[in-house]
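Asks: The following comprises the amino acid sequence and a computationally predicted model.
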Amino acid sequence: MRLRNLPFTFALTVSAASAQLLDSNGYADFNAVTSAPYQGQHTNASGSETVSSDGTSVTLVGNQWRVYPISSGYTVTSDTELVVTVDSSDVAEVIGISLDVDNTAANNQCLFFFGGSQLNSFSAYRWLITPEYTVGTGTYTYTIPVGTYFTGTVNYLGLIADDDSVPMSANVTFSNIRLHEPSSGGTGGGTGGGGTGGGTSADDLYVEGIARVDGGLHLVSEGVYIYPDTATYDANGQPSLTVSSDGTVTLPAKGDIAVGPYTD
């Protein structure tokens, strides 16, 4: 295909998007990020951490405190909810979840405890969530109104199976975790990561008869369509691109850029 002289100039920056723990609806994908030890509470670690093949659940066995980065942070508002499904065959000393500003467990109040024999531990840093989870409960889903406990930006999601006494036998699965704003149906409180945020939309970059961004960059006047060759495609068969306020177009996956005829 031959590109004739175009009546305008433009700059296009394409890069691979950074991995995000939370998707656009606030659901956690644990295959998208790498966990780290929760500092201060992982010195006597034993057991294992297993992420399901679809990334929707994590099973902790033994004495495991793990944190998962929320790449661009999440702003907890008064409406924010944290939803998690718990299933445990051994609650041991403590099982719980957290939203933290850093990866150190015992320096600010950010822990939510569900069950265990030592629920009174970390009293300055935790809240007790009811009903208390006990072995035999089976699968139970907690909806935590995080915004009633605190507000502000958090950078880590933590999962806790505390059992530092022999035989260190805690066993708990956390699944279908969602951090979201129920009033908006998505992650409206996000500052990035799973947040919807503000920024430039496809409509903002539409220029009548010249160009628009709609899953790809359409140079309408010359019939050219630039799009990612390997990408995530939406329900309309268009590759999903992220358009930043500075005009940067970001691909959700690494891939080649293909140029082809544009059809409306």
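Replies: Great, that's in hand.
Asks: wait, what's in contact with residue 33?
Replies: 19-21, 68-69, 71 (C-beta atoms under 8 Å, 6 or more residues apart in numbering). Just so you know, the C-beta spots here come from the backbone N, C-alpha and C atoms, and that holds for glycine as well.
Asks: Moving C-terminal from the longest strand seen in the chain, which element do we reach first?
Replies: In the chain, with assignment by DSSP state E, the single longest strand is strand 57-76. Next helix or strand after strand 57-76 toward the C-terminus (DSSP states H and E): strand 81-90.
Asks: Report the angle between whatever helix or strand comes next after that next one and strand 81-90.
Replies: Going down the chain from strand 81-90, the next helix or strand is strand 94-100, by DSSP H and E. Strand 94-100 and strand 81-90 are oriented at 150 degrees to each other (axes from the mean of the first three to the mean of the last three C-alpha atoms, to 10 degrees).
Asks: And strand 94-100, what does it pack against?
Replies: For strand 94-100, the elements it packs on are strand 57-76, strand 81-90, strand 111-115, strand 152-162, strand 171-180, judged by 3 or more C-beta pairs under 8 Å, 6 or more residues apart in numbering; DSSP states H and E.
Asks: in the stretch 101-250 of the chain, which spans are strands?
Replies: 111-115, 126-128, 140-144, 152-162, 171-180, 211-213, 217-219, 224-228, 242-243, 249-251 (DSSP state E, counting those that start in this stretch).
Asks: hang on, the earlier thing: could you identify which of the contacts of residue 33 has the most neighbours?
Replies: Within the contacts of residue 33, neighbour counts (other C-beta atoms under 10 Å) peak at residue 21, which reaches 24 neighbours.
Asks: phi, psi of that residue?
Replies: phi -70, psi -40 (degrees, to the nearest 10).
Asks: so how far is residue 63 from the residue lying closest to residue 117 once chain neighbours are set aside?
Replies: Of all residues not flanking residue 117 in the chain, residue 93 sits nearest, at 5.5 Å (C-beta to C-beta, 6 or more residues apart in numbering). Distance, residue 93 to residue 63, by C-beta to C-beta, to the nearest Å: 9 Å.
Asks: Which residues are in contact with each of those two?
Replies: Shared contacts of residue 93 and residue 63, counting by C-beta under 8 Å, 6+ apart, come down to 162-164, 170.
Asks: Can you say which two of these are spatially most distant?
Replies: Spatial extent of these (C-beta to C-beta) is set by the pair 164 and 170 at 9.6 Å.
Asks: residues bridging contact with the two, i.e. touching both?
Replies: With C-beta under 8 Å, 6+ apart, residue 164 and residue 170 have common neighbours 63, 93.
Asks: So residue 164 is in contact with residue 63, correct?
Replies: Yes - counting by C-beta atoms under 8 Å, residue 164 touches residue 63, with 4.9 Å between them.
Asks: Comparing those two, which shows the higher neighbour count?
Replies: Taking neighbours as other C-beta under 10 Å, residue 164 and residue 63 compare with residue 63 leading, 23 against 18.
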